[in-house]
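J.: I'll drop the sequence and a predicted model, then ask my questions.
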Amino acid sequence: MLNDINLYIPTGVKAENELFNGFGKRELFQSIIGSLFGGAVAALLWLIAGNVALTVVAVLSGIFGSVMMCTKDQNNQSVVDQIGDMLRFRRSQQIYPYRMQDEWGMR
């Protein structure tokens, strides 16, 4: 009878309130930062090319791209989170130089 204990884990429970599915306050802040970066790129394009259409497309692409990169998927990961995980993994790798020794003393 003691082995018949079941644990119910609900799915789809979110830890934070979301503005829409996969996009909360943290992702909003990240996408604002990305949109500002896209605006800076658009300002540089305006200074270099002076083309209004190109500048508007760059601003809108920066906003749309930053929202899409910050929205989390079903695995609770966004593109920004995955890039951060890859960078953290890359920095954590160590090089361990070693010498091969005769383990059994047969040589």
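T.: Structure received.
J.: residue ranges with poor pLDDT in this protein?
T.: Scanning the chain for pLDDT under 70 picks out the ranges 1-2, 12, 93, 105-107.
J.: check which helices and strands the helix ranked longest in it sits against.
T.: As assigned by DSSP state H, the longest helix anywhere in the chain is helix 25-49. When contacts are defined as 3 or more C-beta pairs under 8 Å, 6 or more residues apart in numbering; DSSP states H and E, helix 25-49 packs onto helix 52-70. C-betas here are computed from N, CA, C, even on glycine.
J.: which residues touch the helix it packs on?
T.: Here helix 52-70 makes contact (C-beta atoms under 8 Å, 6 or more residues apart in numbering) with 23, 27-28, 30-35, 37-39, 41-43, 45-46, 49, 78-80.
J.: at 7 Å instead, please
T.: Outside helix 52-70, the residues that touch it by C-beta atoms under 7 Å, 6 or more residues apart in numbering are 27, 30-31, 34-35, 37-39, 41-42, 45-46, 78-80.
J.: go on, stretch 77-93?
T.: 27, 30, 69, 70, 71, 72.
J.: before we move on, what about stretch 26-35?
T.: 19, 62, 63, 66, 67, 69, 70, 71, 72, 78, 80.
J.: pull out the buried members of the residues you listed.
T.: 62, 63, 66, 67, 69, 70, 71, 72, 78, 80 (16 or more other C-beta atoms under 10 Å).
J.: distance to residue 3 for these - can I get that in TSV?
T.: What follows is the buried ones among the contacts of stretch 26-35, written out as TSV (distance: C-beta to C-beta, whole Å):
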residue	distance to residue 3
62	56
63	55
66	50
67	48
69	46
70	44
71	42
72	37
78	40
80	43
